[in-house]
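>>> Let me see the structure of the following:
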Amino acid sequence: MDKLFSNCVGLILAAGRSERMGTPKSNLPWGNTSVLGQVIRTLTEGGLHRIFIVINPFRKPEILGDLPDVEITWIDNPEAETAEMLKSIQTGLSAFPENVQNGLITLGDQPTIRMEVVKKMLLAIQETEETLIFPSYRKKRGHPWAVNKIYWAEICELTRTDTPRTFIKAHADDIHYIDFDLEPPEDIDTPEMYHRLKLEAGM
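Alright, predicted model coming up:
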């Protein structure tokens, strides 16, 4: 493992119910892999060597094609059918080993995240003392975002009435932004969005 990024792991949130899509989004074809497979590849190409993936145990992903050389830990979110994204974040953070210092959180339905964004985020974690880092896509906050372990207990104590925005708003002054002259990656929520993003990606 590259020691440069050894204290940071990826956290992919892939436990959504895919209600508007009508089929599990993670399993949709994307190039020679799947949507989730592409997210894994991008994180790996950006420098991550260990990735935790929170999934819905009732809708397990089926990765298409070969996965890159990366250590993957699959984590069931037992409340995936009733809870929202915050529960997946809490489930993932709670599974991190003690030696991990930072988590790079991203969504399992954003196959257009870019390797260069991941790499710059990881370099910022290593080269600065910032503990909460977000990409700014032409002044729009997006994924992936990095959070240091000093915040994990606080996030895990949030209740079902809270959302990730509850935490982000409480720590707005702590956020370090990295600017990118790019459009933010989009979620794949509907069949129309899926087909449009594939066409834009040249597929």
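>>> Can you list the residue ranges for strands in this protein?
8-14, 29-30, 33-34, 50-55, 71-76, 102-107, 132-137, 140-141, 145-148, 176-180 (DSSP state E).
>>> so which of these comes closest to residue 40?
Closest approach to residue 40 among these (CB to CB): strand 50-55, 6.2 Å. Every C-beta, even on glycine, is put in place using the N, C-alpha and C of the backbone.
>>> Direction included, what does the closest one pair up with?
Strand pairing for strand 50-55, determined by DSSP bridges: strand 8-14 (parallel), strand 71-76 (parallel).
>>> nearest to residue 136, of those strands?
Closest to residue 136 of the strands paired with strand 50-55 is strand 8-14 (CB to CB; 19.7 Å).
>>> CA-only coordinates of the closest one in PDB, if you can.
What follows is strand 8-14, C-alpha atoms only, in PDB (Å, rounded to 0.1, in the frame of the first residue of the first chain):
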ATOM      1  CA  CYS A   8      -7.400   7.400   4.500                       C
ATOM      2  CA  VAL A   9     -10.100   5.000   3.200                       C
ATOM      3  CA  GLY A  10     -13.000   5.500   0.800                       C
ATOM      4  CA  LEU A  11     -16.600   5.200   1.900                       C
ATOM      5  CA  ILE A  12     -19.100   4.600  -0.900                       C
ATOM      6  CA  LEU A  13     -22.800   5.000  -0.100                       C
ATOM      7  CA  ALA A  14     -24.600   2.400  -2.100                       C
END
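>>> relative orientation of that strand and strand 102-107 in degrees?
Strand 8-14 runs at 20 degrees relative to strand 102-107, counting by axes from the mean of the first three to the mean of the last three CA atoms, to 10 degrees.
>>> and among the strands of the chain, the most buried is which?
strand 8-14 (a mean of 26; mean count of other CB atoms under 10 Å).
>>> Averaged pLDDT, that strand. What do you get?
Regarding strand 8-14, the rounded mean pLDDT is 96.
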